[in-house]
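task: produce atomic coordinates for the following.
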Amino acid sequence: MVDTLDSKKRSAASTSLRTLRQQMVERDIAARGVQDPLILEAMSKVPRELFLPMNLREFAYDDSPLPIAGEQTISQPYIVAFMAEALMLKGGEKVLEIGAGSGYAAAVLSEIAANVYTVERLGPLAEKAAATLAELGYDNVHVLHGDGTRGWPEHAPYDAIVVAAGGPQVPESLKAQLKIGGRLVIPVGEDQRCQELVRVVRVSVSEYRSEDIADVRFVPLIGEEGWATARGGIRPQVRPPRGPTYSDDEILVRNLADAAESFPSIEAADLNPLLERIGPARVVLLGEATHGTSEFYRMRERITRDLVVKKGFCFVAVEADWPDAARVDHYVRHFQYPPSEWTAFARFPTWMWRNAEMRDFIGWLRKHNGTVERMQRVAFHGLDLYSLYDSIRSVLNYLDEVDPESAKVARARYGCLTPWQHDPATYGHAALTGSYPTCEAHVVRTLTDLLTKRRAYAEHDGERFLDAEQNARLIANAERYYRIMYYGSRASWNLRDSHMFETLRNLLSFHGQDSKAVVWAHNSHIGNAGATEMAARGEHNLGQLCRKEFGDAAYLIGFGTHSGTVAAASEWNGPLEVKTVRPSLPQSYERLCHGTGLARFTLGLRDRGDLCGPAGLGKERLERAIGVIYRPESEMASHYFRANLPRQFDEYVWFDGSSAVTPLDTAEIKGLPDTYPFGV
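Next comes the predicted model:
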């Protein structure tokens, strides 16, 4: 009787885990863009829990790395699937894996390949993986204890090679073991903290083609053709050691407290010193350390109001979709022509702009504009490029009015994108794999035609032409973005921020030689990327481009907080949650600011001598960034990066405690195309 009960319990547990495994595949893998049916089927079959220690098996189908023996980790399921798909397997291949770990990824590959050869540097791990794989019947997986950077030449050549650790360069031994036409996928980076996932294809005996496909962070690849040791590397999910504050930091905290300009509340803050530091700047960029903190929105509003009233800034440009912002612009400038027919900011994350704090600012802006002449009204514009299909609709509506014949031609050209309007990311995948031709020529030609008729069209209404031109430009950039975002590499980030910069520059040109702009965007966009680890990944951003273009006439203001609450989701397209922000980590800029004991302050960073020198704030430290997704369970790996604060920003605004924005009730419009952009 006892055996029967135990058997039923085991059967129920097994069924439950199979259900969780299938949910993981649908939620964390397929929903994030992995579409190869061979990969999805393999991930659905392999029991990840059996490759984990008993005490961690309940977490087997969380999309996160988990610790195993030897201070190593089992990779998160999405990364396993993503890298496997990058190998472009068709079935029946011979595959080499470097870094067997628990054996889980090798088991997944073995469901597709004829034979998998996997090399593990650590003897106990190799022995354990071999035993687990044999026990589970994966008899086409062969395990070797050895130096993975040298490969396994006895069984070469291989159709595909995958490396689950990051090296300073691609090992020549591995390249030599590829078949002609074979693919090698490996994380590479001269800085162990910043790596690019690279796919190398062997074109001939001596020729290789390489492409970057994603920004990643892996444990170091140790061996003769990798790193000598793991010392100095940063491992995922590992926090800096907690300990007492160093005496140098104690001195720095005191100096920081002396230099900071504390204020009692946002409304009562004396911003005149800040305005003096801004001086004659033409562009002021206002950041935020999260996309859901009330204090950041309210302080940006307060600063913007003073810039408008006291310094004559003439438009506000935000990290939002152009057509949605245009609807707000019509409202705040009291325009009479019809606004967009859809609800503004109805795409995830709706709370980022549809919140009470933003409503208050929009109300103030409309009231202010009601007191000045039409040509002096402050405009409101969007800089982002995710509104592909809303922008198509806007261009066609405009051309229907001013040039019906051109509208017919544009409608036919944009028709290339119609099959993908509910899932633009699918277009990117289809175009990349060659299963569908790209629409690049069609959308670029439409933009070119529009620009050649600039003079004739602008005579109807300069504001309307600006809207049409910007939407057409957005469509061209968005089409390219969806083609390259599939792999999430630095190219998609750079394209997005370059688009925002070009939009800002076009707006400055349109509004006139003396026009001045306020920009609202996340710290990661408005700070100078050249002063952060983004530079090591080859990424640039809006702030860096503004610094290069405008020099000191661009004033970059960052924001930070220690703890409190934030509006964010746990996963893309997930529901809004009010989450607790964990206290900032030691060795971070946030912990230094918290150490001052000041509830809120502004801090000018230009020309501050020793305070901002290499022994002070100019020493590289951790900095936190929370986007629309917040995962406190992986705080260090998900939300911290390294930066040099005085080079990143001209000013820093601090709130020791902060609270979540108040979202407005809204229903997302069904059928609007969705995107999966960066979390910030």
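
quick one: the helices in the stretch 101-250 of the chain?
For the stretch 101-250 of the chain, applying DSSP state H, counting those that start in this stretch gives helices covering 104-110, 123-135, 172-176, 247-259.

show me where pLDDT drops low in the stretch 551-680 of the chain?
666-680 (pLDDT under 70).

thinking again about what came up before, any chance of the helices of the stretch 101-250 of the chain in TSV, plus mean neighbour count and mean pLDDT?
Yep, even glycine has a C-beta here, placed from its N, CA and C like the rest. Formatted as TSV, the helices of the stretch 101-250 of the chain follow (neighbours: other CB atoms under 10 Å; pLDDT from 0 to 100):
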stretch	mean neighbour count	mean pLDDT
helix 104-110	27	96
helix 123-135	17	93
helix 172-176	17	94
helix 247-259	15	85
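
tabulate these in JSON lines, adding columns for distance to residue 308.
Conversion of the helices of the stretch 101-250 of the chain to JSON lines gives the following (distance: least, CB to CB, whole Å):
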{"stretch": "helix 104-110", "distance to residue 308": "55"}
{"stretch": "helix 123-135", "distance to residue 308": "61"}
{"stretch": "helix 172-176", "distance to residue 308": "58"}
{"stretch": "helix 247-259", "distance to residue 308": "28"}
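
closest to residue 196 out of those helices?
Proximity to residue 196, assessed across the helices of the stretch 101-250 of the chain by CB to CB, is greatest for helix 172-176 (16.4 Å).

could you count how many residues lie near residue 373?
A count of neighbours around residue 373, defined by other CB atoms under 10 Å, yields 7.

residue 603 is in contact with residue 650, correct?
No: checked against CB atoms under 8 Å, the pair residue 650 and residue 603 is beyond contact range at 10.1 Å.

looks to me like residue 500 is in a helix.
Yes: using DSSP: H, G, I helix; E, B strand; the rest coil, the secondary structure at residue 500 is a helix.

wait, it sits on residue 383?
Yes: contact between residue 500 and residue 383 holds when scored by CB under 8 Å: they sit 4.0 Å apart.

any residues in contact with both of those two?
Common neighbours of residue 500 and residue 383, using CB atoms under 8 Å, 6 or more residues apart in numbering, are 319, 521, 542.

list the residues that contact the second one.
What it means is residue 521. Going by CB under 8 Å, 6+ apart, residue 521 touches 285, 286, 287, 288, 318, 319, 383, 500, 542.

where does the second one fall, phi/psi-wise?
Taking degrees, to the nearest 10, you get phi -110, psi 120 for the backbone angles of residue 286.

what's the closest non-adjacent residue to it?
Of all residues not flanking residue 286 in the chain, residue 300 sits nearest, at 4.5 Å (CB to CB, 6 or more residues apart in numbering).

run through the strands of the stretch 1-150 of the chain in chain order.
Assigned by DSSP state E, counting those that start in this stretch, the strands in the stretch 1-150 of the chain fall at 66-67, 73-74, 94-98, 115-120, 141-145.

quick revisit: right, and the helices of the stretch 101-250 of the chain - which one's nearest residue 634?
Across those, residue 634 has its closest neighbour in helix 104-110 (18.9 Å, CB to CB).

now do the closest one: everything it contacts.
Residues outside helix 104-110 that contact it (CB under 8 Å, 6+ apart): 39, 42-43, 46, 48, 51, 74-75, 80-81, 83-84, 89, 95, 97, 100, 116, 118, 129, 133, 136, 138, 140-141, 143, 162, 164.

three-state assignment of the closest residue to residue 663 other than its chain neighbours?
Spatially, and ignoring its direct neighbours in sequence, residue 663 is nearest to residue 351 (3.9 Å; CB to CB, 6+ apart). Residue 351 carries the three-state label helix when classified by three-state DSSP.

shouldn't residue 351 be in contact with residue 576?
Yes: taking contact to mean CB under 8 Å, the distance of 5.3 Å between residue 351 and residue 576 places them in contact.

worst-scoring helix or strand of this structure, pLDDT-wise?
Of all the helices and strands that make up the chain, helix 424-433 has the lowest average by mean pLDDT, DSSP states H and E, namely a mean of 51.

burial of the nearest residue to residue 144 once chain neighbours are set aside, as a residue count?
The spatial neighbour of residue 144 that comes closest, neighbours along the chain excluded (CB to CB, 6+ apart), is residue 119 at 4.8 Å. Number of residues near residue 119 (other CB under 10 Å) recorded here: 23.

OK, contacts around residue 119?
96-100, 143-148, 151-152.

swap in 7 Å and give it another go.
Shown in contact with residue 119 (CB atoms under 7 Å, 6 or more residues apart in numbering): 98, 100, 144, 146, 148, 152.

same check on residue 266?
The neighbourhood of residue 266, defined by CB under 7 Å, 6+ apart, consists of 298, 299, 302.

again, but for residue 621
When the contact criterion is CB under 7 Å, 6+ apart, the partners of residue 621 are 587, 588, 589.

what do you get for residue 170?
Under the criterion of CB under 7 Å, 6+ apart, the contact partners of residue 170 comprise 184, 186, 188, 198, 200.

between the two ends of stretch 47-56, what distance do you get?
Between the start and the finish of stretch 47-56 there is a gap of 13 Å, counting by CA to CA, to the nearest Å.

related to what we said a few turns ago, anything in contact with each of residue 351 and residue 576?
Going by CB under 7 Å, 6+ apart, residues that sit against residue 351 and also against residue 576 are 567, 663.

so those two - more neighbours on which side?
Relative neighbour count places residue 351 above the other of residue 351 and residue 576, with 22 against 18, counting by other CB under 10 Å.

hang on, that one packs against residue 661?
Yes: here residue 351 lies in contact with residue 661, judged by CB atoms under 7 Å, at a distance of 6.2 Å.

overlap of the contact sets of these two?
Each of 292, 567 lies in contact with both residue 351 and residue 661 under the rule CB under 7 Å, 6+ apart.

in a strand, residue 319, correct?
Yes: the assignment for residue 319 by three-state DSSP puts it in a strand.

show me what contacts it?
With contact set as CB under 7 Å, 6+ apart, residue 319 has these partners: 383, 384, 520, 521, 522, 525.

so what does the closest residue to it other than its chain neighbours look like in phi/psi?
In space, and not counting its chain neighbours, residue 319 is closest to residue 521: 3.8 Å by CB to CB, 6+ apart. With angles defined as degrees, to the nearest 10, residue 521 sits at phi -160, psi 170.

then residue 516?
Note on residue 516: backbone dihedrals following degrees, to the nearest 10 are phi -130, psi 140.

then residue 664?
Its backbone dihedrals place residue 664 at phi -90, psi 150, with angles given as degrees, to the nearest 10.

that one touches residue 359, doesn't it?
Yes: counting by CB under 7 Å, residue 664 touches residue 359, with 6.5 Å between them.

hang on, the earlier thing: next, format the contacts of residue 319 as CSV and append secondary structure, distance to residue 622 and pLDDT.
Compiled in CSV, those are given as follows (DSSP: H, G, I helix; E, B strand; the rest coil; distance: CB to CB, whole Å; pLDDT from 0 to 100):
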residue, secondary structure, distance to residue 622, pLDDT
383, strand, 28, 89
384, strand, 27, 83
520, strand, 25, 98
521, coil, 21, 97
522, coil, 17, 97
525, helix, 19, 96
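
re the thing from before, can you turn the buried part of the contacts of residue 521 into a ChimeraX selection?
Selecting the buried subset of these in ChimeraX, with 16 or more other CB atoms under 10 Å as the burial test, is done by:
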select :285,286,287,288,318,319,383,500,542
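
distance to residue 176 added to the contacts of residue 521, as JSON lines?
As requested, those are arranged in JSON lines below (distance: CB to CB, whole Å):
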{"residue": "285", "distance to residue 176": "49"}
{"residue": "286", "distance to residue 176": "52"}
{"residue": "287", "distance to residue 176": "47"}
{"residue": "288", "distance to residue 176": "49"}
{"residue": "318", "distance to residue 176": "51"}
{"residue": "319", "distance to residue 176": "46"}
{"residue": "383", "distance to residue 176": "47"}
{"residue": "500", "distance to residue 176": "43"}
{"residue": "542", "distance to residue 176": "43"}
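
before I go, just wanted to say thanks for your time.
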